[in-house]
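K.L.:
when you get a sec, could you give me coordinates for this:
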Amino acid sequence: MKIMNLAKKIVLGVAVAVGISSAALASDAGGVAWDKAPDRLNDKEALQNGAKVFVNYCLNCHSAGFNRYNRLMDIGFTEEQIKNELLVTDSKVGDTMKAAIDPQKAKAWFGVNPPDLTVIARSRAGAGGTGMDYLYTYLRGFYRDETKPTGWNNHVFPNVGMPHALWELQSTLSPDQYDKTVGDLVNYMQWMAEPAQGTRKTLGVFALIFFALLSFLTWRLNAAYWKDVK
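P.N.:
The predicted model follows:
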């Protein structure tokens with residue numbers, strides 16, 4: 001009886017935690033429905049473009065301190081390309097991706113130190129969709145608001161302290177081109193959150209096939225072993 005009561009408490013606790021998490025995400029989203037982000041996780045060209053956008057527009061303020069530049073070779077960059085196209089400071093290929101901005105200055109300017117973005121795509125997954133969906137909607141949700149210190153506000157995250165980092169791209173690209181660029185960026189951020197996810201999914205499929213075949217062979221072996229037993 002005690003075990004059953006404990007199990008009920010655990011289930012209730014999980015349900016409450018999930019409810020709180022979903023409510024928090026809904027609050028962050030400001031009630032805005034999340035748009036579906038394009039899935040280009042298997043497109044190395046898209047991931048490379050997203051990495052370039054991330055380095056040039058996000059890494060100025062946000063770090064990705066749990067990811068190293070040399071990991072970008074997994075999506076097709078060579079070491080020379082990383083050195084020539086992605087290292088904008090005195091960082092080395094084996095270094096972690098640290099923001100160029102001074103943390104104290106960032107806090108003074110924005111009121112808070114910009115968070116590390118290594119796993120942001122995973123942390124934002126919720127009832128509204130995937131983390132990519134949230135980021136895709138958020139990055140396309142900025143609008144001019146002169147009442148804010150940065151001059152920008154966001155439909156998805158009202159009163160956000162972050163300025164519109166991609167405003168130059170949005171002002172020079174067509175809407176479709178901008179959406180594609182943001183799509184590439186959030187796909188890269190999803191990949192960055194778990195670079196081995198493609199391998200993990202592939203191994204998972206092979207494991208399921210293996211166990212299915214093993215189950216079939218075990219079933220046939222069992223039938224052959226007991227066929228003469230009445």
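K.L.:
which regions of this structure sit below the pLDDT cut-off?
P.N.:
The chain contains residues with pLDDT under 70 at 1-30, 127, 198-202, 230.
K.L.:
what ranges do the helices span in it?
P.N.:
Counting by DSSP state H, the chain has these helices, from start to end: 2-29, 44-53, 79-81, 103-110, 120-123, 131-139, 167-172, 175-193, 197-225.
K.L.:
residue 71: which of those helices is closest?
P.N.:
Closest to residue 71 of the helices of the chain, according to C-beta to C-beta: helix 175-193, at 8.2 Å. In short, each C-beta sits where N, CA and C put it, glycine included.
K.L.:
number of nearby residues for residue 126?
P.N.:
A count of nearby residues for residue 126, using other C-beta atoms under 10 Å, gives 20.
K.L.:
reformat the helices of the chain as JSON lines; add distance to residue 59 and mean neighbour count.
P.N.:
Putting the helices of the chain into JSON lines (distance: least, C-beta to C-beta, whole Å; neighbours: other C-beta atoms under 10 Å) gives the following:
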{"stretch": "helix 2-29", "distance to residue 59": "23", "mean neighbour count": "11"}
{"stretch": "helix 44-53", "distance to residue 59": "10", "mean neighbour count": "20"}
{"stretch": "helix 79-81", "distance to residue 59": "16", "mean neighbour count": "12"}
{"stretch": "helix 103-110", "distance to residue 59": "13", "mean neighbour count": "13"}
{"stretch": "helix 120-123", "distance to residue 59": "13", "mean neighbour count": "19"}
{"stretch": "helix 131-139", "distance to residue 59": "15", "mean neighbour count": "24"}
{"stretch": "helix 167-172", "distance to residue 59": "15", "mean neighbour count": "13"}
{"stretch": "helix 175-193", "distance to residue 59": "11", "mean neighbour count": "21"}
{"stretch": "helix 197-225", "distance to residue 59": "22", "mean neighbour count": "10"}
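K.L.:
wait, which of those is closest to residue 72?
P.N.:
Taking C-beta to C-beta, helix 44-53 is the member of those nearest to residue 72, at 5.8 Å.
K.L.:
which elements pack onto that closest one?
P.N.:
Helices and strands touching helix 44-53, by 3 or more C-beta pairs under 8 Å, 6 or more residues apart in numbering; DSSP states H and E, are helix 175-193.
K.L.:
so which elements touch the helix it packs on?
P.N.:
Secondary-structure packing of helix 175-193 (3+ C-beta pairs under 8 Å, 6+ apart): helix 44-53, helix 120-123, helix 131-139, helix 167-172.
K.L.:
residues in contact with that helix?
P.N.:
For helix 175-193, the external contacting residues (C-beta atoms under 8 Å, 6 or more residues apart in numbering) are 37-41, 43, 46-47, 49-51, 53-54, 58, 64, 67, 75, 117-122, 130-132, 135-136, 139-140, 166, 169-170, 173, 197.
K.L.:
ok, now stretch 32-47?
P.N.:
The contact list for stretch 32-47 (C-beta under 8 Å, 6+ apart) reads 75-76, 128-130, 132-137, 140-141, 155-156, 180, 183-184, 186-188, 190-191, 197-198.
K.L.:
strands paired with the strand ranked longest in the chain, and their directions?
P.N.:
Longest strand of the chain, by residue count under DSSP state E: strand 64-68. When sheet partners are counted by DSSP bridges, strand 64-68 sits next to strand 96-97 (antiparallel).
K.L.:
starting at the chain centroid, how far to the strand it pairs with?
P.N.:
Taking C-alpha atoms, centre = their mean, to the nearest Å, the mean C-alpha location of strand 96-97 is offset from the chain mean by 16 Å.
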